[in-house]
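Visitor: 3D model of this:
(2 chains)
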Amino acid sequence: EAQVTQNPRYLITVTGKKLTVTCSQNMNHEYMSWYRQDPGLGLRQIYYSMNVEVTDKGDVPEGYKVSRKEKRNFPLILESPSPNQTSLYFCASSPSTGGWNTEAFFGQGTRLTVV
Amino acid sequence: TQLLEQSPQFLSIQEGENLTVYCNSSSVFSSLQWYRQEPGEGPVLLVTVVTGGEVKKLKRLTFQFGDARKDSSLHITAAQPGDTGLYLCAGVESNDYKLSFGAGTTVTVRA
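Guide: Have a look, this model is predicted:
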């Protein structure tokens, strides 16, 4: 089954404790991205990657890191989480970045709480 | 300020009524998409429009892309409780390659 898999689904952590949210897709998509979703603000892009070893900042990259060592995996790293990073996070993948083929396939989300 | 402005933010209607959700921008888009998101799930694509003036129908849902490719609308005819959800528009600007989302419209259809 074609899917984007995120782990964990739920995470409660303390301020400053490094964490990684994993994301894996099995559709051989080139484009992957991370979003955070907050009430009234919709989905805001954190980082995206157009291919292996190619990553770039989205709209809200501060406090986050990513890596793309393999095509299928795109982990999101919070080196020193803070309470304002409490949010619902989504990983997404797309076949390409232009034209009609930009449908984004989303994971089920990771609800992160930083206390 | 969001690139894509959706209105209204919330919409609550009775089963059988019609509704329209709007997505507006000052930018031109090479494509525009509509997603629906249910609680606890990621957004799921409903439709993609790529041509100015394009109209697409998906059962009781009608999607329209503005002639200038700056805006879009989603119209639901005879809404049902199963249409309840968060509707998101998203687009790729003509001179960019990033998919940007609107803040969404929460639709509630009461039985």
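
Visitor: For B:Gly82, what are phi and psi?
Guide: With angles defined as degrees, to the nearest 10, B:Gly82 sits at phi -70, psi -10.

Visitor: Where does chain A get nearest to chain B, residue-wise?
Guide: Nearest to chain B in chain A, going by Cβ to the nearest Cβ, is A:Phe106, at a distance of 3.0 Å. Just so you know, the C-beta spots here come from the backbone N, C-alpha and C atoms, and that holds for glycine as well.

Visitor: what residues does chain A put near chain B?
Guide: A:4, A:33, A:35, A:40-45, A:48, A:50, A:58-59, A:90, A:92, A:94, A:97-100, A:102-109 (Cβ under 8 Å from any Cβ of the partner chain).

Visitor: Any chance of a ChimeraX selection covering the buried ones in the residues you listed?
Guide: A single ChimeraX command selects the buried members of those (16 or more other Cβ atoms under 10 Å in any protein chain shown):
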select /A:4,33,35,42,43,44,45,48,50,58,90,92,94,97,102,103,104,105,106,107,109
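
Visitor: ok, how many other residues are close to the closest residue to B:Lys70 other than its chain neighbours?
Guide: Sequence neighbours aside, B:Ser25 is the residue nearest to B:Lys70 in space, at 5.3 Å (criterion: Cβ to Cβ, 6 or more residues apart in numbering or on different chains). Using other Cβ atoms under 10 Å in any protein chain shown, B:Ser25 is surrounded by 21 other residues.

Visitor: wait, B:Ser25 sits on B:Leu4?
Guide: Yes - B:Ser25 lies in contact with B:Leu4 (Cβ atoms under 8 Å); the separation is 5.1 Å.

Visitor: How about the contacts made by A:Tyr35?
Guide: Shown in contact with A:Tyr35 (Cβ atoms under 8 Å, 6 or more residues apart in numbering or on different chains): A:Leu43, A:Arg44, A:Gln45, A:Ile46, A:Gly58, A:Tyr89, A:Phe90, A:Cys91, A:Ala92, B:Phe101.

Visitor: switch to 10 Å and redo it
Guide: A:42-48, A:58-60, A:87-92, A:104, A:106, A:109, B:42-43, B:99, B:101 (Cβ atoms under 10 Å, 6 or more residues apart in numbering or on different chains).

Visitor: before we move on, what about B:Ser73?
Guide: Counted by Cβ under 10 Å, 6+ apart, B:Ser73 has contacts B:20-24, B:34, B:55, B:62-66, B:89.

Visitor: which of those come close to chain A?
Guide: B:Cys89 (Cβ under 10 Å from any Cβ of the partner chain).

Visitor: closest to chain A among the contacts of B:Ser73?
Guide: Checking the contacts of B:Ser73 against chain A with Cβ to the nearest Cβ, the nearest one is B:Cys89 at 9.4 Å.
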